[in-house]
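> Here is my input; please provide its structure:
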Amino acid sequence: MRRTVFLTLLAFLLAIHPFDALPSKELPIRVGVFSGNGASASSLQNALEALRVDPEIRAVKISAADIAAGGLEGLDVMVFPGGGGGRQRTDLGDKGAELVRSFVLEKGKGAVGLCAGAYLLSDTPGYACLHLCPLKAIDREHDERGHGLISFKPTAEGLEFFPELRGWGDGHTYYYEGPILVPVGDGPASCTVLATMESDVHLENDAPAGMTPGRPVFARAEAGRGRVFLSAGHPEATPGLRWMVARAVRWVAHREAVPYTAAVVRPGLHGQDILFDKALRDEEASLFQALMYGESQAKIAAIRRLAAMGSWDGPLWIRGFVRSSDAPTRVCAARTLVELEWTAGIPDIEAAVRTESDSGIRADLALCLARLKAMTPAAGERGGPGGRREVAVTVDDLPLVNAGTDDPAARTAMVRQLAGAFQADHIPVTAFVVGRNTRSPGGEDLLKVWMDAGVELGNHTGTHTSLHQMSLEAYEADILAEDGPLRALMASKGQVPKYFRHPMLQAGRDQATKRAVPAFLADHGYAVAPVTMDNSEWIFAKAYAETLNRGDKAAAAKVRAAYIPYMESQFDYWERQSQQLLGYEVKQILLFHANALNADAIGDLVAMIKRRGYAFITLDEALKDPAYALPDGYLGGGGISWLHRWAMALGGKAAVLPGETACPEWVMKAAGVDSE
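Prediction:
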């Protein structure tokens, strides 16, 4: 009966993730994580959470009783977490131990051992283990030698197995009294050491010095028809390295390695050893006291310090403070859980978001929630949480610029072609009107074409003059100069304008101005429309218009042919910048202009965007992404993407991803411009 119940439960847990949602055509990798006696609660949780970085892995808890009842039949891999290896072997019993050995040796399945689990999979004489790997543990009498963040050196084979470690020098992983492993005899060729310990850990229990350096910290081995992977440390508990456990599972399951999101692959996150000697253990204890009894500032300082020192129990203490009565403490706790990649805290932050009354704090918490969710299986696919890519289309400089012709009929045809393409494809668009463009001959008629196509209009000032080139008072007057005519035009459709776009995206060079303009806009019913996918499409458009003006069809065709590949490279860049900065792909806001180039190329542009997996959403919907509540950290003179503005606020220029595609020089020359 118990076997039937367990197998039914296992089938249900695997079925809740439908196979057709997977990014590949392979069936999921079914993993059991041992939950019996000897598996510590924190190590079990960390292992389960670490496996969530891979969208093809389906992990469930499995006890010794489940194994005895036939539970291995539904699995591809067993993971044995930290705790006590001997106790895990005792809980398995002789029958369970033989079933696990047969699972690997005869059925060709896989096993991964983490710390105590590595003890269990080893071939250590006089120790209760499974004898599956030709490595043995030595100096067991000093097993409780200490813990902390230790350094390791990847071998050549290790860099092949974990290519993400290349170029980072020594790595750092959490270690908690793990086994000191050495080969059994000379060690068969089927055992491969992937990294060796650099740190000398002898902090407690009179452990002798010199025992840990040079010993295997990660190793893999063929075992009969199956495979095993051993880790003397705890990568599953190490921010930046948790993906290594999923990679190990893939190898023992005979599956190809896959890349993981930049939100979790951070091998250079830790730069030095942090070994918990008595002074550090005493400090950790005092920090726990501060969390219980300190004032708010002391609690915030304790949270930050526990994270910095790599406290093993730190996340368990920190998560409760997302429920603090002090708002800065709530935000600090949530942000720290993100830094620690503590995805087990997702339910805590979800509850905090639901119950938060302050809209600003809720936005902060919601962003933390989105970043954590991006580290779980759904984000292993491309896109944001749920694997979904979304973009809001915004068009500047209405009714038309860079048309390449003054012929009214031709200009009207361009607008009908561009606006009609949006309407036919049901693409919601917000477009920003420049007053002086409207006052050109036929301008108001062109705006009505846009409105008849269902395009929402916004204010782009009367003269399209940069805020950086006029006083604040003059800029506000320029906004109002377009406000009246725009409201009158939109009233015919029962609409009012609600979004404003800064000309050239130049939003102020000092904090006072950057506060004053949004406040002025809010008083007049507007909100700023940001841009994440900025680009130099306007240079291509100017080059296209210039070639059309002089009748050079060949040159125009060359510009058009280069345009879509350029725009796709920009999409790729901003997707990667978002992943690096936020840990997921933000609901993007794309900017381009109403011009002849886009009228001619809109079909190809939309096809490219769809090919990259995007759904088109409204600007309203895009701005619900919590990232848009982040501060604008840019005070320079240019007009740049909000992703770069957030990067500068959160991490300075170092957080700006290099490699944004430049506009080709020949296009700039054709357009007659000197710089982007």
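> Tell me the backbone dihedrals of the most centrally placed residue in the chain, please.
The chain has G583 as the residue nearest its centroid, 1.9 Å off, counting by Cα atoms, centre = their mean. When read as degrees, to the nearest 10, the backbone of G583 gives phi 90, psi 0.
> ok, now the one 4 residues further on?
Note on K587: its backbone torsions stand at phi -70, psi 110 [degrees, to the nearest 10].
> Check P183 too.
phi -60, psi 150.
> circling back to that earlier point, my guess is the residue nearest to the centre of the chain meets R371, correct?
Yes. The pair G583 / R371 is scored as a contact, 4.2 Å apart, by Cβ atoms under 8 Å. Every residue, glycine included, has its C-beta placed from N, CA and C.
> got any residues that touch both of these two?
Residues touching both G583 and R371 by Cβ atoms under 8 Å, 6 or more residues apart in numbering: 263, 338.
> follow-up on the earlier one: what sits against the residue nearest to the centre of the chain?
261-263, 338, 370-372, 374-375, 379.
> Can you report how many residues lie near A307?
21 (other Cβ atoms under 10 Å).
> With adjacent residues omitted, what lies nearest to it?
T336 (4.9 Å; Cβ to Cβ, 6 or more residues apart in numbering).
> List the contacts of that neighbour.
Here T336 is in contact with 303-304, 307, 318 (Cβ under 8 Å, 6+ apart).
> now with 6 Å?
Applying Cβ atoms under 6 Å, 6 or more residues apart in numbering, one finds that T336 lies in contact with 303, 307, 318.
> What helices and strands are in contact with the helix or strand the second one falls within?
Just to be clear, that refers to A307. Counting by DSSP states H and E, the element that carries A307 is helix 296-309. Applying 3 or more Cβ pairs under 6 Å, 6 or more residues apart in numbering; DSSP states H and E, we find helix 296-309 packed against helix 278-293, helix 327-339.
> Would you mind listing the buried residues in the last one?
Residues of helix 327-339 classed as buried under the neighbour-count rule (16 or more other Cβ atoms under 10 Å) are 327, 329-338.
> Quick check: the two most widely separated of the residues you listed?
The span of the buried residues of helix 327-339, defined through Cβ to Cβ, is set by A327 and V338 at 17.1 Å.
> Can I take it that V193 is in a strand?
Yes. Counting by DSSP: H, G, I helix; E, B strand; the rest coil, V193 is part of a strand.
> Distance check, the residue nearest to G508 when sequence neighbours are not counted against L635.
Take G508 and drop its neighbours on the chain: the residue closest to it by Cβ to Cβ, 6+ apart is K514, 4.0 Å away. Going from K514 to L635 by Cβ to Cβ, to the nearest Å gives 8 Å.
> cool, and H460?
Per Cβ to Cβ, H460 is found 22 Å from L635.
> all strands of the stretch 551-676 of the chain, in order?
Along the stretch 551-676 of the chain, the stretches classed as strands by DSSP state E, counting those that start in this stretch are 588-593, 614-617.
> What strands flank the shortest one, and is each parallel or antiparallel?
Pairing partners of strand 614-617, with direction, according to DSSP bridges: strand 389-398 (parallel).
> Can you name every helix or strand that the next helix or strand after the strand it pairs with contacts?
Next along the chain after strand 389-398, taking DSSP H and E as the criterion, comes helix 408-424. Applying 3+ Cβ pairs under 6 Å, 6+ apart, one finds that helix 408-424 makes contact with helix 443-452, helix 596-611.
> Going toward the C-terminus from helix 408-424, what's the next helix or strand?
Later in the chain than helix 408-424, the nearest helix or strand by DSSP H and E is strand 429-433.
> Pull out the buried positions in the next helix or strand after that next one.
Per DSSP H and E, the first helix or strand lying C-terminal to strand 429-433 is helix 435-438. For helix 435-438, burial by neighbour count (16+ other Cβ under 10 Å) applies to 435, 437-438.
> and if you look at stretch 613-626?
Buried, per 16+ other Cβ under 10 Å, within stretch 613-626: 614, 616-617, 619, 622-623, 625-626.
> rewinding a little: would you mind giving the strands of the stretch 551-676 of the chain as TSV with mean pLDDT and distance to T155 added?
Compiled in TSV, those are given as follows (pLDDT from 0 to 100; distance: least, Cβ to Cβ, whole Å):
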stretch	mean pLDDT	distance to T155
strand 588-593	97	41
strand 614-617	95	42
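> Out of those, which is closest to R354?
Per Cβ to Cβ, nearest to R354 of the strands of the stretch 551-676 of the chain: strand 614-617, 23.1 Å.
> and the closest one, how far out from the chain's middle?
Distance, stretch centre to chain centre, for strand 614-617: 19 Å (Cα atoms, centre = their mean, to the nearest Å).
> Now for V77: which residues touch it?
31, 110, 249, 252-253.
> and if we set it to 8 Å?
29-32, 109-112, 249, 252-253.
> Point out where the stretch 251-400 of the chain drops to low pLDDT.
377-387 (pLDDT under 70).
> Mind doing that once more with 80?
Counting by pLDDT under 80, the stretch 251-400 of the chain contains low-confidence residues at 261-263, 377-388.
> ok so A111 is a strand residue?
Yes. Per three-state DSSP, A111 lies within a strand segment.
> my read: it touches L121, true?
Yes. Assessed by Cβ under 8 Å, A111 is found in contact with L121 at 5.8 Å.
> Now for those two: what residues contact both?
With Cβ under 8 Å, 6+ apart as the test, A111 and L121 both reach 80, 130, 132, 228.
> Show residues contacting the helix or strand hosting R354.
Assigned by DSSP H and E, R354 belongs to helix 346-355. Contact with helix 346-355 is made by 319-320, 322-323, 330, 334, 337, 362, 365-366, 368-369, 372-373, 376, as judged by Cβ under 8 Å, 6+ apart.
> mind listing which of the residues you listed are in helices?
Of the positions in the contacts of helix 346-355, 330, 334, 337, 362, 365-366, 368-369, 372-373 sit in helices, assigned by DSSP state H.
> List just the nearest of the residues you listed to T405.
Distances from T405 to those, taken by Cβ to Cβ, are shortest for A366, at 47.4 Å.
> measure the closest one to A627 for me?
For A366 relative to A627 (Cβ to Cβ), the value is 9 Å.
> Between those two, point out the one with more neighbours.
A627 (24 against 21).
> after the strand or helix carrying A512, next one along is what?
Assigned by DSSP H and E, A512 belongs to helix 511-523. Using DSSP H and E, the helix or strand that directly follows helix 511-523 along the chain is strand 527-528.
> avg pLDDT for the helix or strand following that following strand?
Once the chain leaves strand 527-528, the next helix or strand it forms, by DSSP H and E, is helix 537-549. Here helix 537-549 scores 96 as its mean pLDDT.
> How about stretch 166-178?
93.
> which residues pair with the residue lying closest to V395 once chain neighbours are set aside across the strands?
Spatial nearest neighbour of V395, excluding adjacent residues (Cβ to Cβ, 6+ apart): A431 at 4.1 Å. Taking DSSP bridges, one finds V395, L457 as the beta-bridge partners of A431.
> wait, doesn't A431 sit right on A594?
Yes. Shown here, A431 and A594 form a contact pair, counting by Cβ under 8 Å, at 6.9 Å.
> If you count contacts, what does the lengthiest helix in the chain end up packed against?
Ranked by residue count and defined by DSSP H, the top helix of the chain is helix 553-582. Packing partners of helix 553-582 (3 or more Cβ pairs under 8 Å, 6 or more residues apart in numbering; DSSP states H and E): helix 359-373, helix 537-549, strand 588-593, helix 596-611, helix 642-651, helix 665-671.
> between the shortest one and helix 642-651, how many degrees?
Think strand 588-593. 130 degrees (axes from the mean of the first three to the mean of the last three Cα atoms, to 10 degrees).
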